[in-house]
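predicted coordinates and the sequence they were generated for:
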Amino acid sequence: MSLKKIIKPLILASLCASSSYTLAQTKVIYNANGYTPLYQGEVQQFTTLVIKNGKVVKLGSDTLKDSYPDAKLIDAHGNTLLPGLIDAHGHVIGLGDNLSQLDVRGAKSVDEVTNKLKVFADNKQGWIIGRGWNQELWADTRFPTAKDLDKVVNDRPVVLSRVDSHAIWVNSKALELAGITAQTKAPEGGEIIKDEFGNPTGIFVDKAESLITQHMPAPSKQDISDSLDAAGKHLLSLGITSTHDAGIDKTTWEVYKERGDLGNLPLRIVAMLSGASPDLDTMLKAGRYHDKNDFMEIRSVKVYADGALGSRGAALIEEYADRPGHHGLMLETQEKLEALFTQSFKSGFSANTHAIGDKANKVVLDAYQNVFKKTGGILLRNRIEHAQIVTPDDIPRFKALKIIPSMQPVHATSDMHMAEQRLTEKQLSGAYAWQTFLQQGSVVAAGSDYPVELANPFDGLYSAITRMDHNKLPENGWRASEVLSREDALRAFTLGGAYAAHQEFKVGSLEKGKWADFILIDKDYFKVPVEEIYKTNVLQTWVAGIKRYEKTKTENTTEK
């Protein structure tokens, strides 16, 4: 069913009429402690922001409000005002789903996971879906088994995604429904973890996940739309006015375009088509999409090259330090990557490729280079998503090939202890190298990879600036030569993401003619002690000159 039939026409008409009036009215935000990075490089301070038709007219001092006697005056009460933050890599529907599914993030043991599962299952029918487990947090860091889940739920299938989404943990009922036995073989690019007798343990890595997930009930358009709204509300509360959605399927693509046409998206979304979708050709042939107010942009393809470091699926040139003989998983061959890039470029779409391990980054760069020579496409602002472990020799190739490193600062502080177990010093020499990329002139687009990590961008800003955890460890930061300044970190979470989306003249800073996307926060980002940055609360979030979120006095903004 079309979403146009789901949403009541009278409500929609009322919203559109209200939004049009609000958009057209001149507004003056004054008494602000304002900062904005500028496209040319510096940071401008201001106390007054003038908005008309949803866009920035002028920045200046509080005397500026006298020049607009008919404007609506809004007192910022001295709070800090920043451009709306841009998350350049997240999973919108996954986040929305996660808000209503079993969340076991941070669980310190198998028992803690199963205790949460028991409580959740008592009020849930059918398939039980959840995510967030991380065996690296447990005393016994081995992968868990189906039997652990069976002790709590054995009459319904249970599927729990690892925190990085690159492995799932299922119970015996799920194995039974999917017909998984000792004879089942993993597809290329995947692994079924088996015991010493060759029996599946209940852990499926990367492409092997599909052996289970293909049997799960597919969400409806209304389910997806509801998840979009839930995620949008959450992201706005965190100060995110625009997010890049890293890989959408055909049904989500249809919902996004319908919601874009209706003009009722909660925030700006730059969506990437999933390169793994069987419907990719159909979506590419439909062409690029954008709505008139820049709330929805679809002009890129998300390609998947390897797995994740936590599940030892990241593809490495040399073996894992903590698993001899194992080099991770390439999800696609170089030949297949080149075919996907060629298909994308010929349709006018850029290719944004997930690559975490140093082998995956090398193979992806080789594939881009070959396709650029044959087909072109070098000016499409192609990206490598994550770019976590890169050999020092390959880092300059990002600049030479005009590849944008789309990186998530929180991954470094989440991964640092595990990365030192998985990797040798040689392998770590080009790891999480944000400063090195900036120094060579690459544009770094920053994000969080929510719901793999928490979506709060102030966590990301803190990680980028300190490379420490919330306990201020390790002292001086992990591999501290790669820290960013406060200005560079803010730029990566604003103009960096805007540039990666071809939107640097529309969003990312509060310059004349750009959309008035901004936030008011309770701390001075540039002056507060560094340990206070991740504790920042968002007071208001505005998109296109319209207030979309305001913190209530009793609201708890701690992210779950």
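Yep, it's here. Numbering: from 1, shown residues only.

residue contacts, the most centrally placed residue in the chain?
What sits nearest the mean C-alpha location of the chain, by CA atoms, centre = their mean, is Gly90, with 1.7 Å. Contact analysis of Gly90 by CB atoms under 8 Å, 6 or more residues apart in numbering lists Leu235, Thr243, His244, Asp245, Ala246, Gly447, Ser448, Asp449, Tyr450, Pro451, Ala455. Placement of C-beta: from N, CA and C, glycine included.

mind redoing it with 7 Å?
Thr243, His244, Asp245, Ala246, Gly447, Ser448, Asp449, Tyr450, Ala455 (CB atoms under 7 Å, 6 or more residues apart in numbering).

distance of the third one from Tyr256?
The gap separating Asp245 from Tyr256 is 8 Å, by CB to CB, to the nearest Å.

next one: the second one
From His244 across to Tyr256, the span is 13 Å (CB to CB).

surely Gln125 is within a strand?
No: assessed with DSSP: H, G, I helix; E, B strand; the rest coil, Gln125 is coil; it does not lie in a strand.

any idea how many residues pack against it?
For Gln125, the neighbour count with other CB atoms under 10 Å is 7.

just the one 5 residues further on next, same as before
Other residues lying near Gly130 total 23 when counted by other CB under 10 Å.

so where's this structure uncertain?
Counting by pLDDT under 70, the chain shows low-confidence ranges at 1-24, 554-560.

did I read that right, Arg548 in a strand?
Yes: Arg548: assigned to a strand according to three-state DSSP.

tell me who's in contact with it.
Leu236, Thr541, Trp542.

from these, which ones fall inside strands?
Of the contacts of Arg548, the ones assigned to strands by DSSP state E are Thr541, Trp542.

okay, the contacts of Arg548 in JSON lines with distance to Val113 and neighbour count next?
Supplementary listing: the contacts of Arg548 in JSON lines, determined by distance: CB to CB, whole Å; neighbours: other CB atoms under 10 Å:
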{"residue": "Leu236", "distance to Val113": "30", "neighbour count": "23"}
{"residue": "Thr541", "distance to Val113": "34", "neighbour count": "26"}
{"residue": "Trp542", "distance to Val113": "39", "neighbour count": "26"}
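
count the neighbours of the residue lying closest to Ala208 once chain neighbours are set aside for me.
Distance criterion CB to CB, 6 or more residues apart in numbering; nearest residue to Ala208, sequence neighbours excluded, is Gly190 at 3.1 Å. Residues near Gly190, counting by other CB under 10 Å, number 20.

who does Gly190 bridge with?
Taking DSSP bridges as the rule, Gly190 bridges to Asp206.

quick check: it touching Val205?
Yes: with contacts counted by CB atoms under 7 Å, Gly190 reaches Val205, the gap being 6.0 Å.

so where does the residue nearest to Asp291 when sequence neighbours are not counted fall, helix or strand?
Once flanking residues are discounted, Asp291 sits nearest to Gly260: 4.1 Å by CB to CB, 6+ apart. Under the criterion of DSSP states H and E, Gly260 resides in helix 250-262.

and that helix, what's buried?
For helix 250-262, the buried set under the neighbour-count rule, 16 or more other CB atoms under 10 Å, comprises Thr251, Thr252, Trp253, Glu254, Val255, Tyr256, Lys257, Glu258, Arg259, Gly260.

got the CA positions of it in PDB?
Taking C-alpha atoms only, helix 250-262 is exported to PDB below (Å, rounded to 0.1, in the frame of the first residue of the first chain):
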ATOM      1  CA  LYS A 250      14.000  -1.500  -2.500                       C
ATOM      2  CA  THR A 251      11.100  -1.200   0.000                       C
ATOM      3  CA  THR A 252      13.000   1.500   2.000                       C
ATOM      4  CA  TRP A 253      13.900   3.200  -1.200                       C
ATOM      5  CA  GLU A 254      10.200   3.400  -2.100                       C
ATOM      6  CA  VAL A 255       9.200   4.700   1.300                       C
ATOM      7  CA  TYR A 256      11.900   7.300   1.200                       C
ATOM      8  CA  LYS A 257      10.800   8.600  -2.200                       C
ATOM      9  CA  GLU A 258       7.100   8.700  -1.200                       C
ATOM     10  CA  ARG A 259       7.900  10.500   2.100                       C
ATOM     11  CA  GLY A 260      10.200  12.900   0.100                       C
ATOM     12  CA  ASP A 261       7.400  13.600  -2.400                       C
ATOM     13  CA  LEU A 262       5.000  14.200   0.500                       C
END
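
and it, what does it pack against?
Helix 250-262 sits against helix 3-6, helix 221-237, strand 268-274, helix 280-285, strand 296-304, with contacts defined as 3 or more CB pairs under 7 Å, 6 or more residues apart in numbering; DSSP states H and E.

off-centre distance for that helix?
The chain centre lies 19 Å from the centre of helix 250-262; the measure is CA atoms, centre = their mean, to the nearest Å.

picking that back up, dump the contacts of Arg548 to CSV, plus distance to Met330.
Listed next are the contacts of Arg548 as CSV, based on distance: CB to CB, whole Å:
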residue, distance to Met330
Leu236, 38
Thr541, 40
Trp542, 44
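
one step back: for the helices and strands packed on helix 250-262, which one sits closest to Leu95?
Across these, Leu95 has its closest neighbour in helix 221-237 (4.2 Å, CB to CB).
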